[in-house]
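>>> need a 3D model of the sequence below.
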Amino acid sequence: MLPTKLAAYAEDARNTIRYWRNSALTRIEDPQPLEDGPFQDYCWPVLRTTPLGPHRAPPDRTFLDIFESRRSTRELGPAPIESLVDVLRLALVPRFWRDGDTLRRSRRPALSAGALHPISVLLFADAGVYRLNADESALEELNMKPEVRANWLHKCKRVLPSADGAFIALIADRARPAVAYENYESLVWRDSGALLQTLALAAETYGLGFCPLGILGNEIVDSLPAAAQLLAVGAAAIGLPG
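Here you go, the predicted model:
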């Protein structure tokens, strides 16, 4: 008979094998296009809106230089909010809108299923919490409880203790994907990965450090009104490289 501790390890191993076997049998259905239906955009709790001024162009660097130089940077210092907004604008602002499209499909640097771009970036900076409204080229200060902001920042810094910059959360509005696709969820997750990569390259373009975090931001969504329409899909740290 196996010693007690060895028997426990063996049982843990069997449970792990069973778990992965069951997970492998879990089927994720393919998304299927639907006829574009009516939808209602999420109404963000905005305190004040500031129109964005002229966009500061990034330094003149080749794409190959940016592509090869990009690294996840874990030691980060505070960066001016103007620099952070420059990065977000480069990554998020639409370059082209599809004429007469009820779902407002657009072309932007990041890949997005159906060109829907349903993910908003929330910026947690020293002065408050902001959402870049890419459609309107405006910066929206959100009405968020101080304890929610403090708890989120504390959680981010537990994940990345050497980061003293700003933190961002990626929050998807389900409304348009849900009326454009059946089984849309996997598409939103793919969009999240594509957007994180685009943000990382945009940060490198402006000489800022960037590091994705292994957390989602569910606490942020839970604190917002009508939270069921939203989905937390990622987070990252951004700032001056240490």
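>>> can you give me every residue that contacts R74?
Counting by Cβ atoms under 8 Å, 6 or more residues apart in numbering, R74 makes contact with L160, S162, A163, C211, A237. In this view, the C-beta of every residue, glycine as well, is placed from N, C-alpha and C.
>>> neighbour-wise, give me the winner out of these.
The residue in the contacts of R74 with the most neighbours, by other Cβ atoms under 10 Å, is A237 (26 neighbours).
>>> which one is that residue nearest to, not counting chain neighbours?
Once flanking residues are discounted, A237 sits nearest to A163: 4.1 Å by Cβ to Cβ, 6 or more residues apart in numbering.
>>> burial measure for the closest residue to D41 other than its chain neighbours, as a count.
Closest residue to D41 apart from its sequence neighbours, by Cβ to Cβ, 6+ apart: A175 at 6.0 Å. A175: 18 surrounding residues under other Cβ under 10 Å.
>>> next: F39.
17.
>>> OK, contacts around the residue nearest to D41?
Contact analysis of A175 by Cβ under 8 Å, 6+ apart lists F39, Q40, D41, Y42, P118, Q229.
>>> who's in contact with the second one?
With contacts taken as Cβ under 8 Å, 6+ apart, Q40 has the following neighbours: A175.
>>> cool, the first one as well?
If a contact means Cβ under 8 Å, 6+ apart, then F39 has L103, A175, R176, A178, V179 as its contacts.
>>> tell me which two in the contacts of A175 are the farthest apart.
The most widely separated members of the contacts of A175, counting by Cβ to Cβ, are Q40 and P118 (13.1 Å).
>>> counting residues, name the longest strand you see in the chain.
strand 230-241 (DSSP state E).
>>> and the most centrally placed residue in the chain, helix, strand or coil?
The chain has L170 as the residue nearest its centroid, 2.4 Å off, counting by Cα atoms, centre = their mean. Put simply, L170 is strand when judged by DSSP: H, G, I helix; E, B strand; the rest coil.
>>> beta-bridge partners for it, please?
For L170, the beta-bridge partners are V121, G234 (DSSP bridges).
>>> can you list the weak-confidence ranges in the protein?
Counting by pLDDT under 70, the chain contains low-confidence ranges at 1-26.
>>> I'm done for today, thanks for sticking with me.
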